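Trainee: sequence and predicted structure, then a few things I'm wondering about:
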Amino acid sequence: DVYKLGKQLNSGVWTLPFIGHSYLFFGDNHTRMKAFQSLGRDAISKKNNGLTSMWHGNYLYTMVADPDAAELVLKSCLEKDDIMKMATLFLGNGSIFAPVKIWRPRRKVLAPSFSVKYLKHFMSIFVKESNVMVDKMKSLVGTGPISAFKYFTAYTMDAVAESTLGYKMGSQKDTDQPFLKAFDEALVEGATRLCQPWLHSDLVYTNLPVYARLLKSKKFLWDFLKELIRTKRNEMIEKVDNEEHNYNSPKGNLQTFLESLIRLSGGDEGYTETEIVEELMVIMIAGNDTSAVGASFISVLLSRHPEVQEKIYKELQLVFADSDRPITYEDLPHLKYLDAVIRETLRLYPPVPVITRKVEKDVVLPCGIKLVPGTGVIVNIWALHRNPRYWGDDVKLFRPERFLDTPLMHPAAFMPFSHGPRNCVGYQYAMMSLKTVLSTVLRRYRILPATTPNSNSGFPPLRLKFDLMMKDEDDFQIRIESRR
Ligand code: HEM
């Protein structure tokens, strides 16, 4: 059945005996992104209608770049592919990669703490950290190119740490911050392993010095979070004892995810300390670089499309005129063009370009092809967002207006935050944070390209790489100029 499925998927990309398509992934992170791109192009080619195969040795993945098929798969296959089990060494049973029976109850606890009611409280944190960022950027005006990512990643780390943990990380001010260092080291180790198939076996990996390094970073991060949880639990119990003797219906505002995790999980009866640490790590991992990568792609595209940047500035002028007042939650719905620019960037450059699922029961796709239990699925978001059947002939153009003048042709045609029950729980958080930081930067500065475009061919295409996320190999270089 597996081979029959492989044949039906009709790959136009060569496979080699024994290793299948794995040869495409040998090399560096740039090569790996190119592999996903060429397989994705095959999927959206006319002959294939949004599906192709990817053989990892003798293991078959159905690669999906068609919204109809993706929607069905993401609704009916909730288990993540086994390749994601590697994350367990670091994340334990953290919900993002956990088996469905662990993920489901945790998602129920996590989801309400991302509702608008809670998110509104975080605006003041986004505003404060955005201001720290624009102040830091002052010294960069008129200097040589800088990495936008370096600034956005420090911003997201501080914003997520304060809203999640109630902890003022201060990484925008001190890049040697020990939590940040340990966190970055662990992420680098994780990405290195995922991208190097010979490190996939736990038996091999856990006997290598790199594993000892991962454990060291993990211990530091876990000890730090455990201490923070203990302090917070005590604070909350004391507060409730003083106020109303009822742990489950606290008065006052919920301020952080940590507090709501402790509360929503039923106080002492709920999550264990380890389970809370796992969930906090999930949010830190899922919420940091994803948004920073998104903001960085937006900055680079704006540097190359001054006309788009001017349109955003006009919109900002309508809302704020020349005042210095900080952005509020009520301003957000008025920033429609900025919203379209963010979406259009996430369409062309989704920070998470591929996601995986495991097939556990027969699934018949709308085109009639039957997925076989024991195989995997890769939803190639990068290719799905460039599928001309759903985006028209100008699919490769950066044209934010498409989100304003044309309704989506399919609810799953645009899914940078994934789709279905296991989609991104931080979607609204991310959009609010991005709008706050981008509007704050763009009111103060004009973003300029790092290099001058060639008079004939314009700017060279961005060189992309894949290391858990899709990033710019040149580290998102831009320059800035003061608006005032
Ligand atoms: C531009 C920014 C972001 C992008 C592109 C993004 C993308 C994604 C994607 C694609 C998934 C689902 C993976 C899958 O279906 O297998 C996901 C899951 C998740 N994201 Fe995001 N994300 C972003 C920001 C955030 C933020 C800011 C947070 C939290 C503060 C967050 C928290 C999560 C969590 C907790 C999950 C796991 C949900 C679950 O498994 O139930 N994300 N994200």
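Mentor: On my side now, so go ahead.
Trainee: which phi and psi values does the residue most central in space within the chain adopt?
Mentor: The centroid of the chain falls nearest to residue 290 when counting by C-alpha atoms, centre = their mean (3.1 Å). Phi and psi for residue 290, reported as degrees, to the nearest 10, are phi -60, psi -50.
Trainee: not counting its neighbours along the chain, what's nearest it?
Mentor: Nearest residue to residue 290, sequence neighbours excluded (C-beta to C-beta, 6 or more residues apart in numbering): residue 351, at 4.8 Å. Every C-beta, even on glycine, is put in place using the N, C-alpha and C of the backbone.
Trainee: what do you get for residue 198?
Mentor: residue 204 (7.0 Å).
Trainee: go through stretch 337-349 and flag the buried ones.
Mentor: Applying a neighbour-count criterion of 16 or more other C-beta atoms under 10 Å, one finds 337-349 buried in stretch 337-349.
Trainee: just to revisit the earlier point, element containing the residue nearest to residue 290?
Mentor: Using DSSP states H and E, residue 351 falls within no helix or strand.
Trainee: that one touches residue 469, doesn't it?
Mentor: Yes. Residue 351 lies in contact with residue 469 (C-beta atoms under 8 Å); the separation is 5.1 Å.
Trainee: please enumerate the shared neighbours of the two.
Mentor: Shared between the contact lists of residue 351 and residue 469 (criterion: C-beta atoms under 8 Å, 6 or more residues apart in numbering) are residues 289-290, 293.
Trainee: check contacts around the closest residue to the ligand within the stretch 151-300 of the chain.
Mentor: Closest residue of the stretch 151-300 of the chain to the ligand, C-beta to the nearest ligand atom: residue 287 (2.9 Å). Residues in contact with residue 287 (C-beta under 8 Å, 6+ apart) are 156, 160, 164, 426, 429-430.
Trainee: just give me the least confident of those residues.
Mentor: In terms of pLDDT, the lowest of the contacts of residue 287 is residue 164, showing 85.
Trainee: OK, contacts around the residue in the chain that the ligand sits nearest to?
Mentor: Closest approach between the chain and the ligand, counting by C-beta to the nearest ligand atom: residue 426, at 2.2 Å. By C-beta under 8 Å, 6+ apart, the contact set of residue 426 is 114, 283, 286-287.
Trainee: hmm, 10 Å instead?
Mentor: Applying C-beta atoms under 10 Å, 6 or more residues apart in numbering to residue 426 gives the contacts 110, 114, 119, 160, 257, 283, 286-287, 290-291, 417, 432-433.
Trainee: show me which of residue 351 and residue 469 is the more surrounded one.
Mentor: Set residue 351 next to residue 469 and count neighbours by other C-beta atoms under 10 Å: residue 351 wins out with 23 against 17.
Trainee: that one is in contact with residue 296, isn't it?
Mentor: Yes. Counting by C-beta atoms under 10 Å, residue 351 touches residue 296, with 9.1 Å between them.
Trainee: if we can go back for a sec, gap between the residue nearest to residue 198 and residue 428?
Mentor: Plainly put, residue 204 is 41 Å away from residue 428 if you go by C-beta to C-beta, to the nearest Å.
Trainee: of these two, who's got more company?
Mentor: Shown here are residue 204 and residue 428; by other C-beta under 10 Å, residue 428 has more neighbours (14 against 11).
Trainee: not counting its neighbours along the chain, what's nearest the more buried one?
Mentor: Closest residue in space to residue 428, ignoring its immediate chain neighbours: residue 119 at 5.9 Å, by C-beta to C-beta, 6+ apart.
Trainee: send me the helix or strand encompassing that neighbour as CSV with only the CA atoms.
Mentor: Using DSSP H and E, residue 119 maps to helix 116-137. Taking C-alpha atoms only, helix 116-137 is exported to CSV below (Å, rounded to 0.1, in the frame of the first residue of the first chain):
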residue,chain,number,x,y,z
VAL,A,116,-8.2,38.5,24.0
LYS,A,117,-9.2,39.2,27.6
TYR,A,118,-5.7,38.2,28.7
LEU,A,119,-3.9,39.5,25.7
LYS,A,120,-5.1,43.0,26.2
HIS,A,121,-3.0,43.1,29.4
PHE,A,122,0.2,42.4,27.4
MET,A,123,-0.1,45.5,25.2
SER,A,124,1.7,47.6,27.9
ILE,A,125,4.5,45.1,27.9
PHE,A,126,4.8,45.2,24.1
VAL,A,127,4.8,49.0,24.1
LYS,A,128,7.4,49.2,26.8
GLU,A,129,9.8,46.8,25.1
SER,A,130,9.2,48.4,21.7
ASN,A,131,10.3,51.7,23.2
VAL,A,132,13.4,50.1,24.6
MET,A,133,14.1,48.8,21.1
VAL,A,134,13.7,52.1,19.2
ASP,A,135,15.8,53.9,21.8
LYS,A,136,18.6,51.3,21.3
MET,A,137,18.4,51.8,17.5
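Trainee: residue 198 falls within a helix, correct?
Mentor: Yes. Using DSSP: H, G, I helix; E, B strand; the rest coil, the assignment for residue 198 is a helix.
Trainee: residues near it, how many?
Mentor: 8.
Trainee: residues in contact with the nearest residue to residue 114 once chain neighbours are set aside?
Mentor: Of all residues not flanking residue 114 in the chain, residue 425 sits nearest, at 5.2 Å (C-beta to C-beta, 6+ apart). Taking C-beta under 10 Å, 6+ apart, we find residue 425 in contact with 95-96, 107, 110-111, 113-114, 282-283, 286-287, 417-418.
Trainee: of the residues you listed, which one scores lowest on pLDDT?
Mentor: Sorting the contacts of residue 425 by pLDDT puts residue 113 at the bottom of the list (80).
Trainee: on the three-state scheme, that residue is what?
Mentor: Note that with three-state DSSP, the state of residue 113 is helix.
Trainee: now do the residue lying closest to it once chain neighbours are set aside against residue 431, distance only.
Mentor: Spatially, and ignoring its direct neighbours in sequence, residue 113 is nearest to residue 260 (3.9 Å; C-beta to C-beta, 6+ apart). To residue 431, residue 260 is 20 Å away according to C-beta to C-beta.
Trainee: hmm, back to that, right, is the helix holding residue 119 up against the ligand?
Mentor: No. Against the ligand, helix 116-137 shows no contacts by C-beta under 6 Å from any ligand atom, the least distance being 9.2 Å.
Trainee: ok, the residue nearest to residue 290 - contacts?
Mentor: By C-beta under 10 Å, 6+ apart, the residues touching residue 351 are 289-297, 345, 381, 416-417, 430, 468-471.
Trainee: tell me who's in contact with residue 182.
Mentor: 216-222, 224.
Trainee: again, 8 Å this time
Mentor: 217, 220-221.
Trainee: just give me the closest of the residues you listed to residue 63.
Mentor: Of all the contacts of residue 182, residue 63 sits closest to residue 217, with 32.9 Å by C-beta to C-beta.
Trainee: give me the distance between the closest one and residue 181.
Mentor: Distance, residue 217 to residue 181, by C-beta to C-beta: 8 Å.
Trainee: these two - which one has more neighbours?
Mentor: residue 217 (20 against 14).
Trainee: residues touching the more buried one, list them.
Mentor: Residues near residue 217 by C-beta under 8 Å, 6+ apart: 182-183, 185-186, 189.
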